[in-house]
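Student: With the sequence up front, the predicted model follows.
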Amino acid sequence: MVLFIGELDNENEKGGLLLRSPSVDKQGLYRLERGKYFFTKSKNIAAGMGLDFNWQLEIITNVGHNHRKMGDAAAKYLYGE
């Protein structure tokens with residue numbers, strides 16, 4: 001599995017709806033933090049269970065909460081230029 005997260009999907013991002021609550025905010029205050037938390041938490045759970053963890057984390061530069069730009073990045077990752 002490859003997890004793509006936009007580098008600019010951070011505290012300055014205004015696109016989309018970002019749910020906030022005390023329990024959700026423990027994962028991070030914005031999507032980039034939450035994505036990194038998800039990846040690290042998953043890796044730690046796998047390690048604790050003695051399982052292989054073959055995920056990859058790709059931080060996509062110059063992309064925020066934008067499905068078209070993330071799609072372009074995914075296409076380049078899968079199929080090259």
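Tutor: Looks like it came in fine.
Student: hmm, who's touching the top helix by length along the chain?
Tutor: Across the chain, the helix with the greatest residue count (assigned by DSSP state H) is helix 31-48. For helix 31-48, the external contacting residues (CB atoms under 8 Å, 6 or more residues apart in numbering) are 3, 5-10, 13, 18, 27-28, 52-53, 55, 57, 59, 65. Where C-beta positions appear, they are placed from N, C-alpha and C, glycine not excepted.
Student: chain center to it, what's the gap?
Tutor: How far helix 31-48 lies from its chain's middle: 9 Å, per CA atoms, centre = their mean, to the nearest Å.
Student: Could you pull out the buried residues of that helix?
Tutor: The neighbour-count check on helix 31-48 (16 or more other CB atoms under 10 Å) flags 31-36, 38-39 as buried.
Student: quick one, strands of the chain?
Tutor: Here the chain has its strands, by DSSP state E, at 2-6, 56-60.
Student: Given the last one, what are its sheet partners and their directions?
Tutor: Listed by DSSP bridges, the sheet partners of strand 56-60 and their directions read strand 2-6 (parallel).
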